[in-house]
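Novice: The following block contains a protein sequence and its predicted model.
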Amino acid sequence: MKKFLVKIAYTVFPLWVLFVGAYCYFIGYVEPNATGDLAVIGHMPLDKTHILYPDKHNTLPLLSEEIYDTAQISGKFHRVLVIGDSFSQRENNSFHNYLAHDGYSVANVTPANLNFWNPIQCAYELMKFGIIDSTSCRTLIVQSGERYLPSRLKQFNPHSHSTTAKIKSRPVPTDTVKEPYHVKNPLIKTRDLIFCRLGINTPVKKATLTRDLFTCDNPRQLLFFNEDITYEMSMPNTAETRDKMETLKAMAAKRGVNLIFLLAPDKYDLYQSFIADNPYPRKTVNEDFRRIVGPDPHFVIGKELLLPLLNAGVKDVFIMDDTHWSCVTAEYVAGAIKPLI
């Protein structure tokens, strides 16, 4: 028995101490200082007092309406209707909220599950089945992040016989919501923290920039999601992409709706030319998409709007510890869209 206890003291006990220490470190320091989504999934304790994090301090009220039921679409006219992914689901920090503050009546469709959401499919189906037409909106903005655009185009099926893209139900009061076990359990988060530190799981990539482009203690550090360089890196063939985008445009024209397609760039793609000795593959999704769709101004490619800002040395175009652009940039994007509405 004594030998067994001694063996445990040399093997299990140090691991237990390590885990308890990591747990205390996570609870006391990492979690309170993990701000953006990259800091959360990468378990990075970034000091919020030294990071320009305008989205956390944006007091602009939410004026755009959130759509939780298709009856909200067909039952009321909106000047602008938005169907998009996470860039459109940032509430008061979203580009469409700035459109609402400029006097437009704006509604935003909320996806049931962002992980399986295809804004292109959803927009097409809602028009195809008569839920969206000129009586429900004047302008339809379909927004997609660059990372998922190739796969969304490949998956887009204009021949569906019913609506497959599910809209989120109206949320229940927060005091009755039960968080999933893996979301609220700090033990699982502590395990993930250890895996990140050991390099077993590295969802967040790091790179050094050639100039200061963020307002923080390390203004040349770029953090980005690993899927920016491991997910789809090329567009579907030219004919397929052009045909599917033309199909979307044709359906909007049939319904009497002004279509705007907004492509939000990946953080890595936008900043890649500023990475010192860049070891990662070069992305050309934005450029390939523009080449395919041509100079149509109703195809708004975010990289074309934002890269000149970086070239001019503008900081915090994207949030330092997040995969999304800042609310300041969202306002800038909204300003670029307004002439098209």
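Specialist: Great, that's in hand.

Novice: those helices in the stretch 201-341 of the chain, which residues are they?
Specialist: 227-230, 238-254, 267-271, 285-293, 302-311, 327-337 (DSSP state H, counting those that start in this stretch).

Novice: what's the neighbour count on R291?
Specialist: Neighbourhood size, R291 [other C-beta atoms under 10 Å]: 12. All C-beta atoms are positioned from the backbone trio N, CA, C, and that covers glycine.

Novice: Look up how far M235 lies from it.
Specialist: 9 Å (C-beta to C-beta, to the nearest Å).

Novice: For the helices of the stretch 201-341 of the chain, which has the smallest mean pLDDT value?
Specialist: Among the helices of the stretch 201-341 of the chain, helix 227-230 carries the lowest mean pLDDT, at a mean of 92.

Novice: which secondary structure elements does that helix contact?
Specialist: helix 267-271 (3 or more C-beta pairs under 8 Å, 6 or more residues apart in numbering; DSSP states H and E).

Novice: could you say what helices and strands the helix it packs on packs with?
Specialist: Packed next to helix 267-271, using 3+ C-beta pairs under 8 Å, 6+ apart, are strand 221-225, helix 227-230, helix 302-311.

Novice: Show me the one of the ones you listed that comes nearest H101.
Specialist: Set against H101 and scored by C-beta to C-beta, the helices and strands packed on helix 267-271 come closest in helix 302-311, at 19.2 Å.

Novice: Go ahead and confirm F224 touches V204.
Specialist: Yes. The criterion here is C-beta atoms under 8 Å, and F224 meets it with V204 at 7.2 Å.

Novice: Low-confidence stretches in the stretch 51-200 of the chain?
Specialist: 51-54, 171-200 (pLDDT under 70).

Novice: cutoff 90 now
Specialist: For the stretch 51-200 of the chain, the stretches with pLDDT under 90 are 51-59, 69-72, 74-76, 112-116, 160-200.

Novice: ok, V300 to M251 distance?
Specialist: Distance from V300 to M251, by C-beta to C-beta: 19 Å.

Novice: secondary structure element for V82?
Specialist: In the assignment (DSSP states H and E), V82 maps to strand 78-83.

Novice: Could you export that strand as CSV, CA atoms only?
Specialist: Only the C-alpha atoms of strand 78-83 are listed here, as CSV (Å, rounded to 0.1, in the frame of the first residue of the first chain):
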residue,chain,number,x,y,z
HIS,A,78,-38.8,47.2,-44.4
ARG,A,79,-36.6,49.4,-46.5
VAL,A,80,-33.7,47.1,-45.9
LEU,A,81,-33.7,43.4,-45.1
VAL,A,82,-30.4,41.7,-44.1
ILE,A,83,-29.6,38.0,-44.3
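
Novice: All further residue positions should be reported with the first residue as 55.
Specialist: Right, with 55 as the first residue, what we last looked at is strand 132-137.

Novice: That strand vs helix 381-391, what angle?
Specialist: 120 degrees (axes from the mean of the first three to the mean of the last three C-alpha atoms, to 10 degrees).

Novice: what number of residues lie near E145?
Specialist: 15.

Novice: buried sites along stretch 150-169?
Specialist: Going by neighbour count (16 or more other C-beta atoms under 10 Å), the buried part of stretch 150-169 is 150-155, 158-165.

Novice: no wait, stretch 213-223
Specialist: 219, 221-222.

Novice: And stretch 383-395, by the same measure?
Specialist: Quick answer for stretch 383-395 (16+ other C-beta under 10 Å): 383-388, 390-391, 395.

Novice: Give the full set of residues in contact with A318.
Specialist: Counting by C-beta atoms under 8 Å, 6 or more residues apart in numbering, A318 makes contact with 139, 141, 197-200, 356, 378-379.

Novice: And for it, nearest residue in space, chain neighbours not counted?
Specialist: F141 (4.4 Å; C-beta to C-beta, 6 or more residues apart in numbering).

Novice: and that neighbour, what does it touch?
Specialist: Contacts of F141 (C-beta under 8 Å, 6+ apart): 148-149, 197, 199, 318, 378-379.

Novice: which among those residues end up buried?
Specialist: 148-149, 197, 199, 318, 378-379.

Novice: Turn the residues you listed into CSV, including distance to T269.
Specialist: Converted to CSV, these look like this (distance: C-beta to C-beta, whole Å):
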residue, distance to T269
S148, 22
F149, 21
Q197, 26
G199, 24
A318, 21
H378, 16
W379, 14
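
Novice: And what about the closest residue in space to H132 that isn't next to it in sequence, helix, strand or coil?
Specialist: Leaving aside its chain neighbours, H132 sits nearest to A161 (4.4 Å; criterion: C-beta to C-beta, 6+ apart). Under DSSP: H, G, I helix; E, B strand; the rest coil, A161 falls in the strand class.

Novice: and A161, what are its bridge partners?
Specialist: E119, L135 (DSSP bridges).

Novice: mind checking how far it is from M305?
Specialist: Taking C-beta to C-beta, one finds A161 at 19 Å from M305.

Novice: Also L276?
Specialist: In terms of C-beta to C-beta, L276 sits 39 Å off from M305.
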